[in-house]
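[1] Generate a structure from the sequence data that follows.
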Amino acid sequence: MALSPADMDRKIDEHFHFEATDNVAGVLATLAPDVEHDIVGWPTGPTRGPAAARGFYEALFADLADGKIECVKRLYGANFLVDESMWRGRAVGRPFGLDGGGRPLAFRLLHIIEFAGDGAIARENVWIDLAAILQQLPQDRPAA
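    Residues are numbered from 1 along each chain as shown. Take a look at the predicted model:
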């Protein structure tokens with residue numbers, strides 16, 4: 001049975017709430033047992049299962065703080081949604097390998113989320129505006 005847009009909104013909003021509160025166990029609980037977790041550009045590449053996704057969330061929560069996500073637009077299909085959002089917070093660690101230095105940070109995210117029949121997230125594909133992150137977190141370069 002297809003999920004309604006409201007059902008999909010509830011699940012992704014729950015997922016984002018757990019991310020905003022740095023709740024690794026909560027985030028993982030929103031994922032299906034065989035979830036494909038793909039953060040484009042992340043060193044591990046796509047992973048399978050919540051346990052394999054844990055490392056990403058632990059690193060993310062150590063590197064970013066005070067995060068707020070604002071939904072810009074959502075598009076819906078049969079058991080999937082595309083969510084364009086804006087993330088705002090602080091870079092306190094080394095997000096995406098860059099020294100954050102506690103600086104403010106804002107960047108766009110594009111989530112492509114597929115849902116299992118029970119409403120769990122079966123696939124999470126995330127595209128991050130790395131160009132915006134690089135502009136806001138310039139790194140010292142050694143002299144040539």
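[2] any idea how far residue 100 is from residue 58?
    16 Å (CB to CB, to the nearest Å). All C-beta atoms are positioned from the backbone trio N, CA, C, and that covers glycine.
[3] Report the rounded mean pLDDT for the longest helix seen in the chain.
    Longest helix of the chain, by residue count under DSSP state H: helix 5-20. Mean per-residue pLDDT for helix 5-20: 96.
[4] Quick one: the strands in the protein, in order.
    31-39, 47-48, 64-77, 80-91, 103-115, 121-128 (DSSP state E).
[5] Reformat those strands as TSV; add distance to residue 12 and mean pLDDT.
    Output for the strands of the chain, formatted as TSV (distance: least, CB to CB, whole Å; pLDDT from 0 to 100):
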stretch	distance to residue 12	mean pLDDT
strand 31-39	12	97
strand 47-48	19	97
strand 64-77	8	95
strand 80-91	6	97
strand 103-115	6	97
strand 121-128	8	98
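[6] can you put the ones you listed in a markdown table and add mean neighbour count?
    Putting these into a markdown table (neighbours: other CB atoms under 10 Å) gives the following:
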| stretch | mean neighbour count |
| --- | --- |
| strand 31-39 | 18 |
| strand 47-48 | 16 |
| strand 64-77 | 14 |
| strand 80-91 | 18 |
| strand 103-115 | 17 |
| strand 121-128 | 19 |
